[in-house]
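Enquirer: Need coordinates for the below:
(chains A, B, C and D)
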Number of protein chains: 2
Amino acid sequence: MSPHCPLTREEAADLLRRHGITPTHQRLEIAHALFSRRQHLSADQILAAVNLRHSETSKATVYNTLKLFLEKGLVREVIVDPSKVFYDPHTEPHHHFYNLASGELIDIDAEDMQVTGLPAAPAGMVAERVDIIIRIRPEATTQTATRAA
Amino acid sequence: MSPHCPLTREEAADLLRRHGITPTHQRLEIAHALFSRRQHLSADQILAAVNLRHSETSKATVYNTLKLFLEKGLVREVIVDPSKVFYDPHTEPHHHFYNLASGELIDIDAEDMQVTGLPAAPAGMVAERVDIIIRIRPEATTQTATRAA
DNA sequence: AACAGGAATTAGACGTAGTTTAAATTTCTG
DNA sequence: CAGAAATTTAAACTACGTCTAATTCCTGTT
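Expert: Numbering: from 1, shown residues only, chains lettered A, B, ... in the order given. You can find the predicted model right below:
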């Protein structure tokens, strides 16, 4: 596992600067929320986390900042749930388990996996990223839908 | 390529009945939209396709029907775009290219590919499905964001 | 044909994630 | 400090999808 420590404000500011982002108060708060805990959070959850004590950051800023972080390669979007996007502070190549029951995401290191037989991208296209999502669910809770067929 | 012919109303009705779905007029229209063209459509596009000539099917029915088709295993959801869900009439195991520029989805036969080193699902969990999405984009249009870092 | 009853459909109100806008505030620079 | 540029903000807005309650359709019975 990579050592993503709780990180101080100094370190967070440095991280932003290294990515060409002016470290404002709000951006530091958001960076802190994402990088201190090692989790996948939705914009909603980040907004809540940042304003836990006293409201100090607006919804617009959270969305602006996440988009900025995304462009600068600081975070990744994880699109697994039709109702919301998750932001992933882990940017090295990796994949995900997605727990359908709880909505929880679990990282899978890409090094452990091999994909062969990947077809080439269509003419004039380049592959930007390969995402593997394994949707999992509790063993006991069997869905009736399939059995009915 | 599997032979998904344009299919007559008779065949469509049969397909629905085999999946335990009462074939109503609206459901046949929707099935036809999905299965005659071999495409991935959003609910929006299906609504438009079905009502091309004269409006005859409501938004609520399109959503109801797609959910029903999903439960009965007639279609699959493809979640690649944060803003809308695509419905895929192809239910055999396969994966997708997702064209970030155009929003177009292209099937990749699962037989051609091999994934090794897939970790086991966490205790008490079963894998329901493995989705592989290859995000592609036009070669020429290079994004500046990565180079800036 | 009349009718009862359940399934399917519907318009329109609603909820919610995310975007936009225009103004206010902060930050930077000379 | 003045002025400009960048950032943040509240609030209005858009769009996908859901819900509700009423209506229509279908099927079997008499």
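Enquirer: C-alpha from now on. contacts and neighbour counts both.
Expert: OK.
Enquirer: Show me where chain A dips below the pLDDT cut-off.
Expert: Where chain A drops to pLDDT under 70, the residues are A:1-6, A:141-149.
Enquirer: and if we set it to 80?
Expert: A:1-9, A:140-149 (pLDDT under 80).
Enquirer: Show me where it has its strands.
Expert: A:41-42, A:76-81, A:84-88, A:94-99, A:105-109, A:114-116, A:125-138 (DSSP state E).
Enquirer: List the neighbouring strands of the last one plus their orientation.
Expert: Looking back up the chat, that one is strand A:125-138. Using DSSP bridges, strand A:125-138 pairs in its sheet with strand A:94-99 (parallel), strand B:125-138 (antiparallel).
Enquirer: contacting residues for A:T91?
Expert: The neighbourhood of A:T91, defined by CA atoms under 8 Å, 6 or more residues apart in numbering or on different chains, consists of A:73-76.
Enquirer: Dig out what the residue nearest the centre of chain A forms beta bridges with.
Expert: Among the residues of chain A, the one closest to the centroid is A:D88, at 1.7 Å (CA atoms, centre = their mean). Partner residues in beta bridges with A:D88, using DSSP bridges, are A:R76.
Enquirer: My guess is it contacts A:E77. True?
Expert: Yes. Under the criterion of CA atoms under 8 Å, A:D88 makes contact with A:E77 at 6.1 Å.
Enquirer: so how far is B:R137 from the residue nearest to the centre of chain A?
Expert: According to CA to CA, to the nearest Å, A:D88 stands 22 Å off from B:R137.
Enquirer: A:F86 reaches A:Q39, doesn't it?
Expert: No. At 9.5 Å, A:F86 does not count as touching A:Q39 under the criterion of CA under 8 Å.
Enquirer: Out of those two, name the residue with the larger neighbour count.
Expert: A:F86 (22 against 18; other CA atoms under 10 Å in any protein chain shown).
Enquirer: hang on, A:D112 packs against B:G117?
Expert: Yes. In this structure A:D112 lies within contact range of B:G117 using CA under 8 Å: 5.7 Å.
Enquirer: How many neighbouring residues does A:V85 have?
Expert: As a burial measure, A:V85 scores 19 neighbours (other CA under 10 Å).
Enquirer: Kindly report the same for A:H54.
Expert: By the criterion of other CA under 10 Å, A:H54 has 7 neighbours.
Enquirer: And A:R9, by the same measure?
Expert: A total of 15 residues lie near A:R9 under the criterion other CA under 10 Å.
Enquirer: Skip the chain neighbours and tell me the closest residue to it.
Expert: In space, A:R9 comes closest to A:L28 once its chain neighbours are excluded; the distance is 7.1 Å by CA to CA, 6 or more residues apart in numbering or on different chains.
Enquirer: for the one you found, what are its contacts?
Expert: Residues A:9, A:12-13 are the ones in contact with A:L28 under the rule CA under 8 Å, 6+ apart.
Enquirer: A:A140 too?
Expert: A:A140 makes contact with B:G124, according to CA under 8 Å, 6+ apart.
Enquirer: Then A:E77?
Expert: Under the criterion of CA under 8 Å, 6+ apart, the contact list for A:E77 reads A:70, A:85-88.
Enquirer: now do 7 Å
Expert: Contacts of A:E77 were listed using CA atoms under 7 Å, 6 or more residues apart in numbering or on different chains, and they are A:85-88.
Enquirer: which one of those is nearest DNA strand D?
Expert: Taking CA to the nearest atom of the strand as the measure, A:V85 is the one of the contacts of A:E77 closest to DNA strand D, at 12.8 Å.
Enquirer: pretty sure the closest one is touching A:I79, no?
Expert: Yes. With contact defined as CA atoms under 7 Å, A:V85 and A:I79 form a contacting pair (5.5 Å).
Enquirer: would you list every one of the helices in chain A?
Expert: Taking DSSP state H as the criterion, chain A contains helices spanning A:9-18, A:25-36, A:43-50, A:59-71, A:144-148.
Enquirer: and among those, the most buried is which?
Expert: Most buried of the helices of chain A, by mean neighbour count (mean count of other CA atoms under 10 Å in any protein chain shown): helix A:25-36, with a mean of 20.
Enquirer: quick check, it touching DNA strand D?
Expert: Yes. Under the criterion of CA under 7 Å from any atom of the strand, helix A:25-36 makes contact with DNA strand D via A:25-27.
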